[in-house]
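Peer 1: Next comes the sequence, and after it the predicted model I'd like to discuss.
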Amino acid sequence: MTDPLFAEDDDANTPLTEEERQGLIPSYITLRRELNEAEQINIADGVRWALSRRRDVLDEAFLRSLHKRMFGKVWRWAGQYRTTARNIGVDAYRIPMDMRQLVGDVRFQVENNSFPPDEIAIRFSHRLVAIHPFPNGNGRMSRLVGDLLALQLGQSRFTWGSGNLVDPNETRKAYIAALRAADAHEIDALLMFARS
């Protein structure tokens, strides 16, 4: 069985440009499973950092720092907004503006109780992944950001289907389907998935 490093496992993966691929730091990584393992170790460090003290998740600088903490030992471009087109997300030139707008919109929702806390956190997570600000790691970061905002709003962390969302499997398919429903302004499936 082959396990190429940059193989596209499913149509929801974000392909990297050749220049972005050159940003891989560990030289021993030649297989996708090695990359996933290295990223998972780095993500665990980022989660510990994010949960180590109270932080305002509705801060653009924090979001960039969080991405760097989650992926900075694996990718040189961690924490930097992407500059190239993708199969998902806004045009690269719109990222800084859309991120500022997202943070402002969610601050307004929190201050005005526009939605229940879970829904605010899930809408934030969904919009972040829809913007797709970074070359890679957007889904994993957006789920953590949803968790952090839920905690900030006095809720528990989400379970996100209680399964592996990195490798192609039924849980990931359900997550992608819920994201696509949210893209069509049907947030209920993503809310239910996040607490399943």
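Peer 2: Here it is on my side, so go on. Numbers count the residues shown, from 1 in each chain.
Peer 1: can you pull the contacts of residue 182?
Peer 2: 122, 126, 189, 190 (CB atoms under 8 Å, 6 or more residues apart in numbering). C-beta here means a position set from N, CA and C on the backbone, and glycine is covered the same way.
Peer 1: Any chance of these in CSV with pLDDT as columns?
Peer 2: Output for those, formatted as CSV (pLDDT from 0 to 100):
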residue, pLDDT
122, 98
126, 98
189, 97
190, 98
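Peer 1: Show only the entries of those found in strands.
Peer 2: Members of those lying in strands (criterion: DSSP state E): none.
Peer 1: got a winner among those residues for most neighbours?
Peer 2: residue 122 (28 neighbours; other CB atoms under 10 Å).
Peer 1: Isn't it up against residue 194?
Peer 2: Yes - counting by CB atoms under 8 Å, residue 194 is a contact partner of residue 122 at 5.5 Å.
Peer 1: list the residues that contact both of those two?
Peer 2: Contacts common to residue 122 and residue 194, judged by CB under 8 Å, 6+ apart, are 146, 158.
Peer 1: can you give me the helices for this structure?
Peer 2: Secondary structure of the chain by DSSP state H: the helices cover 18-21, 32-51, 60-71, 95-111, 117-131, 138-152, 170-183, 188-194.
Peer 1: residues near residue 31, how many?
Peer 2: 14.
Peer 1: In this structure residue 153 contacts residue 121, no?
Peer 2: Yes - the pair formed by residue 153 and residue 121 meets the contact definition of CB under 8 Å, at 6.5 Å.
Peer 1: of these two, who's got more company?
Peer 2: residue 121 (29 against 15).
Peer 1: and the helix or strand bottoming out on mean pLDDT in the chain, how far from the chain's centre?
Peer 2: Sorting the helices and strands of the chain by mean pLDDT, DSSP states H and E puts helix 18-21 at the bottom, at a mean of 91. In terms of CA atoms, centre = their mean, to the nearest Å, the centre of helix 18-21 is found 20 Å from the chain centre.
Peer 1: cool, stretch 136-154 as well?
Peer 2: That offset, for stretch 136-154, works out to 7 Å (CA atoms, centre = their mean).
Peer 1: Could you do stretch 44-62 as well?
Peer 2: 13 Å.
Peer 1: and that stretch, which residues are buried?
Peer 2: 46, 47, 50, 55, 57, 58, 62 (16 or more other CB atoms under 10 Å).
Peer 1: Quick check: end-to-end length of that stretch?
Peer 2: 17 Å (CA to CA, to the nearest Å).
Peer 1: got any ranges where the protein has weak pLDDT?
Peer 2: 1-4, 7-13 (pLDDT under 70).
Peer 1: What sits closest to residue 152 if chain neighbours are left out?
Peer 2: Nearest residue to residue 152, sequence neighbours excluded (CB to CB, 6 or more residues apart in numbering): residue 57, at 5.8 Å.
Peer 1: thought the one you found was touching residue 146?
Peer 2: No - Residue 57 is not in contact with residue 146 according to CB under 8 Å; the separation is 9.2 Å.
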